[in-house]
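*Asks:* Here's a sequence, model it:
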Amino acid sequence: MISNMNPTQILPESYRHCYTLDSSQHKIAQALLMCVGLGAFFLGWQLLGSISPALMTLLKLGRDRLQLVLFLMTIIIMILLHEAIHALALWFFTRSFPSFGVTHMGSVYVDASNWYLPRTPMFLMLVAPLLVLSMLGILLLCLASPGIFFKMLIWAILLNAIGAVNDLAVAAWVFFQPATVLIKNSGLALSIYRIPDDQSQKTDIKARIRGFMERRLIESMT
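*Replies:* Have a look, this model is predicted:
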């Protein structure tokens, strides 16, 4: 995934727009990803229950208002941290902070639509929140004593992992792109730009997988 290309705000003349992955046009895929996230959470919950029943007891939310308020605050903080790490990763590669947006459903996202990013920076930006927040959460768990803070830390790690399912799906899509690809990410849509007849797009296993995924994409849009 190493590339000598740098992020740019001007699309090189040799590049052409291939297609755009728009969340508003791929609602079935979004629903499937949501089901995957919920399924992963359910399996993880069952696994934790079989490994440590005591931990499951600890994770259960009480009926008092304090725990419910803290749980809602944990969700809000986790979402803000998740998007902030996306923004910091983009700043690291572009030295420019992206703007933030909010969907009609209230979801926060990072808008980097004024940049064309190579494959590696885009991939790292997508997986950064899952890696950074998971490692930070595990470190804090090692230092925290059992209690409400410990409980909310575990919930934050679990919720962040669920929220990263869409990021991981897009990261997988980016992973199979050729090394010379440039990508524009608005937070709601992902636009792919490539060089026509680029020799780097040879017919290796990654190219075959990419071709299969993109054929399915085109079929779903027609």
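*Asks:* Under the pLDDT cut-off, which ranges of the protein? List them.
*Replies:* Within the chain, the ranges that satisfy pLDDT under 70 run 1-4, 24-30, 55-56, 62, 105-106, 198-203, 218-222.
*Asks:* Now the one residue sitting closest to the centre of it: which helix or strand?
*Replies:* Nearest residue to the geometric centre of the chain (Cα atoms, centre = their mean): residue 167, 1.9 Å. Assessed by DSSP states H and E, residue 167 sits inside helix 165-175.
*Asks:* Could you give the separation of that helix from the chain centroid?
*Replies:* Distance of helix 165-175 from the chain centroid (Cα atoms, centre = their mean, to the nearest Å) equals 7 Å.
*Asks:* Look up the closest residue to the residue nearest to the centre of the chain, ignoring the ones flanking it.
*Replies:* Among residues not flanking residue 167 along the chain, residue 126 sits closest, at 4.7 Å (Cβ to Cβ, 6 or more residues apart in numbering). Glycine gets a C-beta too; all of them are placed from N, C-alpha and C.
*Asks:* got the buried residues for the helix or strand containing that neighbour?
*Replies:* Element membership for residue 126, per DSSP H and E: helix 119-143. Of all the residues in helix 119-143, those buried under the rule 16 or more other Cβ atoms under 10 Å are 119-130, 132-133, 136-137.
*Asks:* Going along the chain, name the helices of the chain.
*Replies:* 27-51, 53-59, 65-94, 119-143, 148-163, 165-175, 205-221 (DSSP state H).
*Asks:* about what we covered before: got a list of what the residue nearest to the centre of the chain touches?
*Replies:* Residue 167 makes contact with 126, 127, 129, 130, according to Cβ atoms under 8 Å, 6 or more residues apart in numbering.
*Asks:* again, only this time at 10 Å
*Replies:* Counting by Cβ atoms under 10 Å, 6 or more residues apart in numbering, residue 167 touches 33, 82, 86, 125, 126, 127, 128, 129, 130.
*Asks:* Show me which of the residues you listed is closest to residue 151.
*Replies:* residue 82 (19.5 Å; Cβ to Cβ).
*Asks:* That closest one contacts residue 166, correct?
*Replies:* No: using Cβ atoms under 10 Å, residue 82 makes no contact with residue 166, being 11.0 Å away.
*Asks:* Please report how far residue 197 lies from residue 217.
*Replies:* Here residue 197 is placed at a distance of 20 Å from residue 217 (Cβ to Cβ, to the nearest Å).
*Asks:* Which one's more surrounded, the two?
*Replies:* Comparing residue 197 with residue 217 by neighbour count (other Cβ atoms under 10 Å), the higher total belongs to residue 217, at 17 against 6.
*Asks:* Please name the bridge partners of the closest residue in space to that one that isn't next to it in sequence.
*Replies:* Closest residue to residue 217 apart from its sequence neighbours, by Cβ to Cβ, 6+ apart: residue 19 at 6.6 Å. Using DSSP bridges, the beta-bridge partners of residue 19 come out as residue 192.
*Asks:* heads up, I number from 48, so please use that
*Replies:* All set: I'll call the first residue 48, so the last point we hit is now residue 66.
*Asks:* and the most far-flung residue of the chain relative to its centre, what does it touch?
*Replies:* Each residue of the chain has a distance to the centre, and by Cα atoms, centre = their mean the biggest one is for residue 111: 33.1 Å. By Cβ under 10 Å, 6+ apart, the contact set of residue 111 is residue 117.
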